[in-house]
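In: Sequence and predicted model, in that order:
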Amino acid sequence: MLRSVSVHLELEIRGHTNMVFGMTPAVGHDLVGERLDFVVDGIAQDAHELADLHGTRLHSFISESGRMAVDYSVEISGRAKPAPTSELDLITYLRPSRYAQSDSLTPFARSEFGGLSGYVLVQAVSDWVFEHLAYVGGSSSPTDGATRTLMSRQGVCRDFAHVTIALLRAMEVPARMVAVYAPGLSPMDFHAVVEAHVDGAWWVLDSTRLAPRQTLVRISTGRDAADTAWLTSNWTDLLVTSMLVTVAADALPYDDGYERVQLG
């Protein structure tokens, strides 16, 4: 499988700021022709690359005020190996987190999914989120978590993921968020899905069902959106003025939402 990614971003930086971008495929992919450029007011910037525990590749640098253009392109050949599992993962991804308040949702989860276990439970949670939440662009704020989304019954991909994660953790299933590139996604953007750990492996769930899971490309992995943002900045404000994400694959397989799929 061959997948291609192209991203163009324009930002207005309003002062001295520390910037950390998480927008390249994670360690483990076979990358061809990768290029990442940061330019502020016509001057190229040097970024420092580092990787976290899950192979998320972060690019960090300090910038002064100005207009920034970010251009990224790459081709991904084949699929990466499935994610390994550590004992620490199984502890970390059972805990409540900022946007996935599983402790608050435990009574609700038990009332809806009590008596289910294993992958039957995982599929039931994903189905419930797909059937009970409406995908509505612009309907949520960046600080909304699973509890607020559950009350409003609408959101975007990160909101669907947060509710799925919180309900799974409430039912004692380790679950985490993964930011991905998603060939076939419409409207095209960065995308968020879920990995749930059951039967000794991590399985990918997309409760929006907006793109085939077999083609997804892992970017970053973490507890929730706080760990998987494509940009984190400190010290001053900035404004994203333009974003264009284009992702394609040489084939788009049919995904009925029920086949077990691992991210690759």
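Out: Cool, got the structure. Residues are numbered from 1 along each chain as shown.

In: what's the residue nearest the centre of the chain in contact with, if anything?
Out: Nearest to the mean C-alpha position of the chain, by CA atoms, centre = their mean, lies residue 179 at 1.8 Å. The contact partners of residue 179, taken as CB atoms under 8 Å, 6 or more residues apart in numbering, are 22, 190, 191, 192, 218, 219, 220, 221, 228, 229, 230. The C-beta positions use only the backbone N, C-alpha and C, and glycine is treated the same way.

In: want to try TSV for those residues, with pLDDT, secondary structure and distance to residue 173 as columns?
Out: TSV is the format used below for these (pLDDT from 0 to 100; DSSP: H, G, I helix; E, B strand; the rest coil; distance: CB to CB, whole Å):
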residue	pLDDT	secondary structure	distance to residue 173
22	97	coil	25
190	97	coil	25
191	98	strand	22
192	98	strand	18
218	97	strand	20
219	98	strand	23
220	97	strand	21
221	97	strand	16
228	97	helix	19
229	95	coil	24
230	96	coil	27
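
In: Can you name the two of those residues that sit furthest apart?
Out: Taking CB to CB, the two most distant members of these are 218 and 229; they sit 14.9 Å apart.

In: Helix, strand or coil: sort out the residue nearest to the centre of the chain for me.
Out: strand (DSSP: H, G, I helix; E, B strand; the rest coil).

In: From residue 118, how far out is it?
Out: 27 Å (CB to CB, to the nearest Å).

In: for residue 39, same thing?
Out: 50 Å.

In: quick one: which of the two has more around it?
Out: Each of residue 39 and residue 118 has its neighbours counted (other CB atoms under 10 Å); residue 39 has more, 14 against 10.

In: tally of neighbours for the nearest residue to residue 258 once chain neighbours are set aside?
Out: Nearest residue to residue 258 in three dimensions, chain neighbours excluded: residue 123, at 6.6 Å (CB to CB, 6 or more residues apart in numbering). Residue 123: 18 surrounding residues under other CB under 10 Å.

In: Many thanks, I have nothing further to ask.
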